[in-house]
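Asks: predicted coordinates and the sequence they were generated for:
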Amino acid sequence: MYIRMSLDWNDLRYFLSVARTGRLTEASRRLGTDHATVSRRIKALEGALDARLFERSPRGYALTEAGERLLAHAERMESSAARMQSEIAGENMTLGGAVRVGAPDGFGTIFLAPRIGTLNRRYPELDLQIVAMPRVFSLSKREADIAIGLARPTEGRLVTRKLTDYRLHLYASRSYLDENNPIESPADLSDHVVIGYIPDLIFTPELDYLPQVSSQIKPRLTSSNLIAQMRAARAGAGLCILPDFMALEDPGLVSVLRDEIDLVRTFWLILHADLHDIARVRAVADFIVAEVEAARDLFMPDNPSIA
């Protein structure tokens, strides 16, 4: 007679990690164990549920239909456990645990990173992680607990809040401007080196702003990384559209055609609905909101000082 194994709830942690990474080695690294243990726990869970949860291939582990159904349940359980700890833990318990913030490279590196140490000092037990990359983060796959996005999501169980608008202008180094033809209108840019994003690696339409400046502009130096673009401009390689909150504080950059080229974009704070009320996540989100509010003039300068 077949006897089904009892479910070990701890196996769901292993399941979630493999589901989110697609690989045993990466899942084991995140869990701090070896891949053999992860494989054994996945097989045990499949035996307990009498269902195949993953399709194995050389490319990794892909969820089956049964795995997709289990993922929804497991994530709700994970979120419920986190809320339970947050709500029931005593008031004297130190706020702690990991919170991962996914943000565009410019915001994460230039704005958030220099300020986040204040939060670390306030809550020493917090494990703060900043993933500063030019990409869209999937909160449903737990790629981040909090995401900073350039567009307001329209799908998914997400809680969103507008952080701030921010301005972008054209910048170059003084040496580049001194050594090249004068720039008196956007039409003159066709004779200059323009730095921009690699077209097929633009991860959101909000970053495809060169056509708004001039249909004649074709970037001749490109990078998927905004920090790389800024450093190239500062070194005299060409002209670059940059957010004011990054460029105005850099003495190596000069604003060009400021009245003619004036772009505005928006940062959004995005959280998964299941994590919205978790104390540690809420504390980090509130900190980011407060820091952005305090730096409002940096994001939307009215009459900034221009060298």
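Replies: That came in fine, so what should we check first? What you are looking at is a predicted structure, and each value in this text was computed from that prediction instead of being measured.

Asks: low-confidence ranges in the protein?
Replies: 1-5, 82-94, 303-307 (pLDDT under 70).

Asks: tell me the buried residues in the strand ranked longest in it?
Replies: Counting residues, the longest strand found in the chain (DSSP state E) is strand 158-172. For strand 158-172, burial by neighbour count (16 or more other Cβ atoms under 10 Å) applies to 158, 160, 163-164, 166-172. C-beta coordinates here come from the backbone N, C-alpha and C atoms, glycine included.

Asks: stretch 106-114 too?
Replies: The neighbour-count check on stretch 106-114 (16+ other Cβ under 10 Å) flags 106-112 as buried.

Asks: and which of those residues is nearest residue 199?
Replies: residue 106 (18.7 Å; Cβ to Cβ).

Asks: re earlier: so what are the sheet partners of the longest strand of the chain and their directions?
Replies: strand 239-243 (antiparallel), strand 254-256 (antiparallel), strand 263-272 (antiparallel) (DSSP bridges).

Asks: now the longest one, how far from the centre of its chain.
Replies: For strand 263-272, the distance between its averaged C-alpha position and the chain's averaged C-alpha position is 11 Å (Cα atoms, centre = their mean, to the nearest Å).

Asks: buried ones in that strand, by neighbour count?
Replies: Buried positions in strand 263-272, judged by neighbour count with 16+ other Cβ under 10 Å: 263, 265, 267-272.

Asks: dump that strand to PDB, keeping only the CA atoms.
Replies: Output of strand 263-272 as PDB, limited to C-alpha atoms (Å, rounded to 0.1, in the frame of the first residue of the first chain):
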ATOM      1  CA  LEU A 263      12.900  66.700 -19.500                       C
ATOM      2  CA  VAL A 264      10.900  65.400 -16.600                       C
ATOM      3  CA  ARG A 265      10.500  61.800 -15.400                       C
ATOM      4  CA  THR A 266       9.100  60.200 -12.200                       C
ATOM      5  CA  PHE A 267      10.400  57.800  -9.600                       C
ATOM      6  CA  TRP A 268       7.800  55.400  -8.000                       C
ATOM      7  CA  LEU A 269       8.100  53.500  -4.800                       C
ATOM      8  CA  ILE A 270       6.700  50.000  -5.300                       C
ATOM      9  CA  LEU A 271       6.100  47.200  -2.800                       C
ATOM     10  CA  HIS A 272       4.400  43.900  -2.900                       C
END
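
Asks: residues in contact with residue 113?
Replies: 130, 132 (Cβ atoms under 8 Å, 6 or more residues apart in numbering).

Asks: kindly report the same for residue 202.
Replies: Counting by Cβ under 8 Å, 6+ apart, residue 202 touches residue 208.

Asks: which parts of the stretch 1-150 of the chain are helices?
Replies: Counting by DSSP state H, counting those that start in this stretch, residue ranges of the helices within the stretch 1-150 of the chain are 11-21, 24-31, 35-49, 65-88, 105-106, 117-122.

Asks: how about CSV for these, with distance to residue 200 added?
Replies: Listed next are the helices of the stretch 1-150 of the chain as CSV, based on distance: least, Cβ to Cβ, whole Å:
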stretch, distance to residue 200
helix 11-21, 25
helix 24-31, 26
helix 35-49, 34
helix 65-88, 30
helix 105-106, 18
helix 117-122, 37
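
Asks: so which of those helices gets nearest residue 136?
Replies: Nearest to residue 136, of all the helices of the stretch 1-150 of the chain, is helix 105-106, at 13.0 Å by Cβ to Cβ.

Asks: mind checking how far the closest one is from the chain centre?
Replies: Offset of helix 105-106 from its chain centre (Cα atoms, centre = their mean): 9 Å.

Asks: most widely separated two among the buried residues of strand 158-172?
Replies: 158 and 172, at 38.3 Å, using Cβ to Cβ across those.

Asks: what's next to stretch 12-25, contact-wise?
Replies: Contact partners of stretch 12-25, identified using Cβ under 8 Å, 6+ apart, comprise 27, 30-31, 35, 37-39, 41-42, 45, 53-54, 59-63, 67, 70-71, 74-75, 77-78, 141-143.

Asks: report the buried residues of it.
Replies: Residues of stretch 12-25 classed as buried by neighbour count (16+ other Cβ under 10 Å): 12-21, 24.
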